[in-house]
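Asks: build me a model from this:
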Amino acid sequence: DHMTEVDPSPSAASPLSSGESMPVSSRKNLTTARPMDIESAGDEVNNEEILPVNSQQSLTGTTEGAFLDSYKVEHWRAHKYAVGLTNPTWEDEKTESTCCDESCCLYITGMACSNSCFRAGRIGNMVVLRENSNGSKCMVGPFWPWLIFITYPLIFGVSGVCYYKVVRKFSAPEQVFWFALTFGLIIALSFTGFRDPGIWLRKSERQSQSWIWNDQALTYRPRGARYDSDCGCVIEGFDHTCPWTGTGIGKKNMGSFQCFVGLVFLNLIIDVMLLTGALTSFGIGAI
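Replies: Below you'll find the model as predicted:
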């Protein structure tokens, strides 16, 4: 699993002129000075008060004379969620990302989520598939191609081979137990990969003295909430980004993720023992 760490060193920022704007096709080589997520070792707050940057100041920098698109900056600053400076729409990723570097998944998402057949919402680098009336969301993370094209096929492939070679010959109760474990694994994975991990709403005011200002997402955040550059947003209770589940792991999907990890090992051990015939020496057809 991939852990994203925030560089705590401050970065210089230079103002962006209000009249500077570039078309989408000209943004490919644009880069920004990375802002600072202010926190001390051990996630303890320094005695000095941490203040947000001036809301009237443009917060983006330039590298080698390349300028950020002002619309992109305004969209970032006006977002209700604590997101980083990402492209406003998935349409932009088709021109700014490529399929041959670390932005491959974003490029695939741009192609899949901005066409005449399907359009998905965007929060940072998270893909919003559906938002219910109660505010809950069905969403996938930036590495959803791993989830769909690697993790699920591995589970179905190994389970299919195990069933065809061994499990189908067992008694009904034994098959029911094996299917329960396998479907439990698939359900746990789905509840992890298709759930909001705990995206933080932007807070312009400090509600606790322990809260820390985050320049990357323009928000105050509590302890445990982190800005994840892969997901492009602050996630409450952030632990890490897991490519196998395609998303960040935070407060809202940690329970299902732990269940998924436990069932992965349990199913793997059982399937290996079934395929190797290790259980037959104990006179057991299946668990």
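
Asks: what is the neighbour count of the residue nearest to R195 when sequence neighbours are not counted?
Replies: Leaving aside its sequence neighbours, R195 sits nearest to N253 (CB to CB, 6 or more residues apart in numbering; 4.6 Å). Backbone N, C-alpha and C define where each C-beta goes, glycine included. Residues within reach of N253, counting by other CB atoms under 10 Å, total 26.

Asks: equivalent analysis for R206, please.
Replies: By other CB under 10 Å, the burial measure for R206, its neighbour count, is 17.

Asks: hang on, it packs against T219?
Replies: No - using CB atoms under 8 Å, R206 is not in contact with T219, being 10.2 Å away.

Asks: shared neighbours, these two?
Replies: W213 (CB atoms under 8 Å, 6 or more residues apart in numbering).

Asks: among the helices and strands of the protein, which has the poorest mean pLDDT?
Replies: Lowest on mean pLDDT, DSSP states H and E among the helices and strands of the chain sits helix 90-96, with a mean of 80.

Asks: quick one: list the elements packing against that helix.
Replies: Helices and strands touching helix 90-96, by 3 or more CB pairs under 8 Å, 6 or more residues apart in numbering; DSSP states H and E, are helix 104-113.

Asks: give me the buried stretch members for the helix it packs on, please.
Replies: Across helix 104-113, burial judged by 16 or more other CB atoms under 10 Å covers C105, L106, Y107, I108, T109, G110, C113.

Asks: contacting residues for the fifth one?
Replies: When contacts are counted by CB under 8 Å, 6+ apart, T109 touches W90, E93, V127, P142, W144.

Asks: tell me which two of the residues you listed sit farthest apart.
Replies: E93 and W144 (13.3 Å; CB to CB).

Asks: do a quick rundown of the helices in the stretch 1-150 of the chain.
Replies: Secondary structure of the stretch 1-150 of the chain by DSSP state H, counting those that start in this stretch: the helices cover 70-78, 90-96, 104-113, 144-146.

Asks: want to throw those into TSV with distance to I187?
Replies: Formatted as TSV, these follow (distance: least, CB to CB, whole Å):
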stretch	distance to I187
helix 70-78	36
helix 90-96	28
helix 104-113	24
helix 144-146	17
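
Asks: and stretch 238-251, end to end?
Replies: 7 Å (CA to CA, to the nearest Å).

Asks: for stretch 239-258, same thing?
Replies: Stretch 239-258: ends 12 Å apart by CA to CA.

Asks: point out where this protein drops to low pLDDT.
Replies: Scanning the chain for pLDDT under 70 picks out 1-68, 97-102, 279-287.

Asks: longest single strand anywhere in it?
Replies: strand 126-131 (DSSP state E).

Asks: that strand versus helix 104-113: what angle between them?
Replies: Strand 126-131 and helix 104-113 are oriented at 30 degrees to each other (axes from the mean of the first three to the mean of the last three CA atoms, to 10 degrees).

Asks: can you start the count at 40 instead of 1 from here on
Replies: Renumbered: residue one is now 40, and that last one reads strand 165-170.

Asks: partner strands of strand 165-170 and their direction?
Replies: strand 160-162 (antiparallel), strand 176-179 (antiparallel) (DSSP bridges).

Asks: now render the ones you listed as CSV, adding distance to D254 and mean neighbour count.
Replies: As requested, the strands paired with strand 165-170 are exported to CSV (distance: least, CB to CB, whole Å; neighbours: other CB atoms under 10 Å):
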stretch, distance to D254, mean neighbour count
strand 160-162, 19, 20
strand 176-179, 25, 19
